[in-house]
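[1] predicted model, plus sequence, below.
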Amino acid sequence: MFLEWLYKLDLAILYPATIILIVGAIEFGSRMGLRSRQANVASGDFGTLTGAALGLLALLLAFSFSIALSRYDARRDQVLEEANAIGSTANFALMLPESAQGPILDLLREYATVRASLGVPYDPGKVEHDVARSLAIQTELWRRAVAVTATAPQSLSAYRFVASLNEMNNVHERRLTALRYHVPAVVMLVVIGVAMMAMGFTGYNASITGVRRRLPGLIMSMTVAVLIMLVVDLDRPYRGVIQVPAQALIDAAQGIPLPRTG
């Protein structure tokens, strides 16, 4: 979608831009309120309107933050799930014939290493490379699993290994799906727009009632901008400041046992 640029911008650009927009909105509202007061325009019920706008902003922020946080938690759980799946597959591989163990365990160790650094540091090319390498390793593991089952079709050990390998591949797809989807960019643009409207009404109401204060307005605007950027950052799995820790996968790669020797 053409709006996906919002999630591709660096936070060093996006955060100051959001602050400028929101602070500019409250300053614009303040100037309009000051002009209305100088022209003796009736203040009306702008206090209620301002409260309603701020309430709507709070609702949208809470809704967006809840979605982003739930997606972050899902990605974190899937890292642990994938590490467990790789570890289980490695353990079942130790039950296979000794001639098959070494190559399979080496492939699983490489697979865990690739999955631990999936798309990190951020680079679209690296993401594609890591996914392609993951699929290539899966294909090779399946080829070796087929060879093992062909030599011992009634082997319970081979059956367990194949079932665990299948689950590992399923986790791979679930994790990729969670990494690719986020709060729709149009929702975040609406949140920024509502924030500008609410801050504009706040500035207007403060000026027309004669209680305009620049510093509190600036602090509030920056706080709202920080909250919006927190939602965006939580939902940027590849390049955000807040990243899902991959220590479980690193531990899984290091914990893959060596094949048995005579």
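    Perfect, I can see it now.

[2] pLDDT score for Ala62?
    For Ala62, the pLDDT comes out at 91.

[3] correction: Asp130
    pLDDT, Asp130: 91.

[4] run a quick neighbour tally on Gly193.
    By other CB atoms under 10 Å, 14 other residues sit near Gly193. Every C-beta, even on glycine, is put in place using the N, C-alpha and C of the backbone.

[5] could you check which helix or strand contains it?
    helix 185-208 (DSSP states H and E).

[6] I'd like the next helix or strand past that helix.
    Next element after helix 185-208 (DSSP H and E): helix 214-234.

[7] buried stuff in that next one?
    217, 220-221, 224-225, 227-234 (16 or more other CB atoms under 10 Å).

[8] tell me the one of these nearest Gln254?
    Checking those against Gln254 by CB to CB gives Leu234 as the nearest, at 28.6 Å.

[9] show the contacting residues for that closest one.
    65, 68-69, 71-72, 240, 242 (CB atoms under 8 Å, 6 or more residues apart in numbering).

[10] separate out the buried members of those residues.
    Buried among these (16+ other CB under 10 Å): 65, 68, 71-72, 240.

[11] quick one, helices of the protein?
    5-8, 11-38, 46-93, 98-116, 124-151, 156-180, 185-208, 214-234, 247-255 (DSSP state H).

[12] out of the ones you listed, deepest packed?
    Most buried of the helices of the chain, by mean neighbour count (mean count of other CB atoms under 10 Å): helix 185-208, with a mean of 21.

[13] now for that one, which elements pack on it?
    Here helix 185-208 touches helix 5-8, helix 11-38, helix 46-93, helix 214-234, going by 3 or more CB pairs under 8 Å, 6 or more residues apart in numbering; DSSP states H and E.

[14] let's see it at 6 Å
    helix 11-38, helix 46-93, helix 214-234 (3 or more CB pairs under 6 Å, 6 or more residues apart in numbering; DSSP states H and E).

[15] kindly export it (C-alpha atoms) in CSV.
    Provided in CSV are the C-alpha atoms of helix 185-208 (Å, rounded to 0.1, in the frame of the first residue of the first chain):
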residue,chain,number,x,y,z
ALA,A,185,-0.8,2.8,8.5
VAL,A,186,-4.1,4.6,7.8
VAL,A,187,-5.0,4.1,11.4
MET,A,188,-1.8,5.7,12.6
LEU,A,189,-2.4,8.7,10.2
VAL,A,190,-5.9,9.0,11.6
VAL,A,191,-4.5,9.0,15.2
ILE,A,192,-2.0,11.8,14.2
GLY,A,193,-4.8,13.7,12.6
VAL,A,194,-7.0,13.5,15.6
ALA,A,195,-4.1,14.5,17.8
MET,A,196,-3.6,17.6,15.7
MET,A,197,-7.3,18.4,16.0
ALA,A,198,-7.4,17.8,19.7
MET,A,199,-4.3,20.0,20.3
GLY,A,200,-5.7,22.6,18.0
PHE,A,201,-9.0,22.8,20.0
THR,A,202,-6.9,22.8,23.3
GLY,A,203,-4.8,25.8,22.1
TYR,A,204,-7.9,27.6,20.8
ASN,A,205,-9.8,27.1,24.1
ALA,A,206,-6.9,28.2,26.2
SER,A,207,-6.4,31.4,24.2
ILE,A,208,-10.0,32.4,24.0
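
[16] take the buried ones among the contacts of Leu234 and write them to JSON lines, including distance to Val186.
    Listed next are the buried ones among the contacts of Leu234 as JSON lines, based on distance: CB to CB, whole Å:
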{"residue": "Phe65", "distance to Val186": "17"}
{"residue": "Ala68", "distance to Val186": "15"}
{"residue": "Arg71", "distance to Val186": "16"}
{"residue": "Tyr72", "distance to Val186": "20"}
{"residue": "Gly240", "distance to Val186": "19"}
